[in-house]
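Asker: Predicted coordinates and the sequence they were generated for:
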Amino acid sequence: MRVLVAIVLAFIGTAALADNIGERTPGERTPTANDVVSSLYAFSHFQQDLLESTDLKGNAEVKNLAALRVEEAAKRDKALKEIQQAIGAEPHAGKTMPGAILVEPEASDGPTYVRSFYAAQIPEYESVITLLEHYLNGPDNPALAAFAREQLPKLRGQVKDVERTMADK
């Protein structure tokens with residue numbers, strides 16, 4: 001039952017998130033460089049929130065994975081910052097992802113927390129991947145487009161790893 005609640009909470013958070021990070025439906029405009037920059041920074045913030053949540057209930061596996069993802073996010077942000085400054089993109093101050101939506105630590109046991117940790121990541125990754133794919137349909141900056149092309153395989157690989165791990169849990 002708790003697993004079901006965790007999954008439902010993850011999907012509820014994703015519905016609100018879709019509006020925040022620029023997920024598009026057919027017929028809508030292509031995301032701009034500002035949209036992409038804002039969304040990537042927000043995704044990094046989401047990953048930082050995951051790391052912070054592992055301090056309360058996470059086991060060594062999730063703590064290590066969360067720390068690795070935050071390290072990768074810091075590298076991505078550093079490269080993105082250079083592009084952002086070069087193109088003059090200003091991230092949208094109000095466009096941030098909500099904190100990692102996981103089962104409340106005091107209401108979950110170890111295995112339930114671990115499953116919710118992985119379940120929360122999948123929609124976040126999918127939203128960022130979709131945004132980058134839509135941006136690449138009509139990019140407004142060649143440097144950011146190259147960055148997006150470089151990031152997509154990494155993000156796809158990471159979400160596949162999360163999905164495989166989730167299937168094993």
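Answerer: Sure thing, it's come through. Keep in mind the model is a prediction, meaning the values are calculated, not measured.
Asker: Check which residues of the helix or strand harbouring residue 115 are buried.
Answerer: Counting by DSSP states H and E, the element that carries residue 115 is helix 110-136. Judged by neighbour count (16 or more other Cβ atoms under 10 Å), helix 110-136 contains these buried residues: 112-132, 134-136. (Each C-beta comes from the backbone N, C-alpha and C, glycine too.)
Asker: where's that helix relative to the chain centroid, distance-wise?
Answerer: Relative to its parent chain, helix 110-136 has a centroid offset of 6 Å by Cα atoms, centre = their mean, to the nearest Å.
Asker: pLDDT of that helix, averaged?
Answerer: Helix 110-136 carries an average pLDDT of 92.
Asker: Which helix or strand lies directly C-terminal to that helix?
Answerer: From helix 110-136 onward toward the C-terminus, using DSSP H and E, the following helix or strand is helix 142-168.
Asker: Next, the buried residues of that next one.
Answerer: Under the neighbour-count criterion of 16+ other Cβ under 10 Å, helix 142-168 has 144, 145, 147, 148, 151, 155, 158, 159, 162, 165 buried.
Asker: Least confident of these?
Answerer: Comparing pLDDT over the buried residues of helix 142-168, the lowest score belongs to residue 165 (88).
Asker: residues contacting it?
Answerer: Residues in contact with residue 165 (Cβ atoms under 8 Å, 6 or more residues apart in numbering) are residue 118.
Asker: hmm, try it at 10 Å
Answerer: By Cβ atoms under 10 Å, 6 or more residues apart in numbering, the residues touching residue 165 are 61, 62, 65, 114, 115, 117, 118, 121.
Asker: now do residue 67
Answerer: Taking Cβ under 10 Å, 6+ apart, we find residue 67 in contact with 47, 50, 51, 54.
Asker: so is it in a helix, a strand, or just coil?
Answerer: Secondary structure state of residue 67, per DSSP: H, G, I helix; E, B strand; the rest coil, is helix.
Asker: That one and residue 78: what is the separation?
Answerer: 17 Å (Cβ to Cβ, to the nearest Å).
Asker: Thanks a lot, catch you later.
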